[in-house]
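J.: heads up, no residue letters with this:
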């Protein structure tokens, strides 16, 4: 049976947990000290988290990834202030890296995901939740009491579910999380969108207005997944325009490559990174964009502290600095997307289809990993192991 994406319940309206289920849920795998599970369908169990990780000092801040003008949580007192962050969808492909990177940056993490998802490495606890239920979502976040929320929970792959299910699920989950975050007074919310909002791959044909693509390029979604992501971007803009105190940011991550996938684990489409490089048709549908999950996580970490540095509801591409391809995109894009012919020549050797200059200019973030460095590191490790 195909596993359900983060935040999607097994049935539309799951029943309340029975007594045996409640007893089993009182202490989650990986919970520390007196950290219980949060509510299961409305049965409140307070979540109180210690704000210090015993035996593990916070790592120093990474150079070059703190937003200009953003508050430095370490500089004010000389010691790390342990920001409590709730990560919705923390057990997913991107979520696991987000949890690990945020924890390594000195933050306290609670993962929110489907029952049975386990506790991601770096999280203090994992809270099971039905994020399609607005009241339940509010109670879970109110019990955790985070100062920041990272929203990753969604049906994450286009056409992986019926469109009549995918669209309302993704939009409802995002609205419930964002609404609850504003109601409990979260300082910062970071949500994920997708480059697919631009409309590439449309069966009716697609021609960009220019290349490389940036955040200002017009959006033209043609399937339910992309439409759900554009709706989420507009939702975030709605909260910002009505003057909510919570600061919102939007990340459009590229095709996410988890760390284990550099070592041969299948990507979200079922093939390996090497197979994607060997057969350009596999990467063509995403315009050869990608991002190492850890780089995307570092962008999320930067955006958590971006209030005051950038306006609320700003959108940022989070992609690698080059394409996931061995040939230049000036040759590949016209081959698979004829509508790009007029602009593809502007892409020099090694240039990607998506520009990440906005994130570097406003936040100081830039991707640190690419397929050359990561596959070379894997090859080096393999050779050392064989010697």
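T.: Looks like it came in fine. If you're wondering where the values come from, they're calculated on a predicted model, not measured in any experiment.

J.: show me where the stretch 151-300 of the chain has helices.
T.: Under the criterion DSSP state H, counting those that start in this stretch, the stretch 151-300 of the chain contains helices at 163-183, 224-241, 273-278, 280-284, 293-304.

J.: now do the shortest one: which elements does it pack against?
T.: By that I understand helix 280-284. helix 273-278, helix 329-336 (3 or more Cβ pairs under 8 Å, 6 or more residues apart in numbering; DSSP states H and E). All C-beta spots, glycine's among them, are computed from the backbone N, C-alpha and C.

J.: the ones you listed into CSV, with extra columns for mean neighbour count and mean pLDDT?
T.: CSV is the format used below for the helices and strands packed on helix 280-284 (neighbours: other Cβ atoms under 10 Å; pLDDT from 0 to 100):
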stretch, mean neighbour count, mean pLDDT
helix 273-278, 17, 98
helix 329-336, 19, 98
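
J.: dump these into JSON lines; add distance to residue 300 as well.
T.: Shown next, in JSON lines, are these (distance: least, Cβ to Cβ, whole Å):
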{"stretch": "helix 273-278", "distance to residue 300": "22"}
{"stretch": "helix 329-336", "distance to residue 300": "27"}
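
J.: residue 287 is nearest to which of those helices?
T.: Across those, residue 287 has its closest neighbour in helix 329-336 (6.9 Å, Cβ to Cβ).

J.: hmm, who's touching that closest one?
T.: 211, 280-281, 284-285, 287-288, 323, 325, 340-341, 344-349, 351-353 (Cβ atoms under 8 Å, 6 or more residues apart in numbering).

J.: let's go with 10 Å and repeat that
T.: The contact list for helix 329-336 (Cβ atoms under 10 Å, 6 or more residues apart in numbering) reads 200-201, 208, 211-212, 280-281, 283-285, 287-288, 322-323, 325-327, 337, 339-353.

J.: can you list the neighbours in contact with the very next helix or strand once past it?
T.: Next helix or strand after helix 329-336 toward the C-terminus (DSSP states H and E): helix 341-344. Applying Cβ under 10 Å, 6+ apart, the contact partners of helix 341-344 are 207-213, 328-335, 337, 351, 353.

J.: check the helices of the stretch 151-300 of the chain for me and report the most buried one.
T.: When you average the neighbours per residue for each of the helices of the stretch 151-300 of the chain (mean count of other Cβ atoms under 10 Å), helix 293-304 leads with a mean of 26.

J.: now the helices of the stretch 151-300 of the chain as a markdown table including distance to residue 82?
T.: Listed next are the helices of the stretch 151-300 of the chain as a markdown table, based on distance: least, Cβ to Cβ, whole Å:
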| stretch | distance to residue 82 |
| --- | --- |
| helix 163-183 | 19 |
| helix 224-241 | 26 |
| helix 273-278 | 35 |
| helix 280-284 | 40 |
| helix 293-304 | 13 |
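
J.: tell me which of those lies nearest to residue 97.
T.: Of the helices of the stretch 151-300 of the chain, nearest to residue 97 by Cβ to Cβ is helix 293-304, at 3.6 Å.

J.: mean confidence for the closest one?
T.: Averaging pLDDT along helix 293-304 gives 99.

J.: now stretch 106-124
T.: For stretch 106-124, mean pLDDT is 96.
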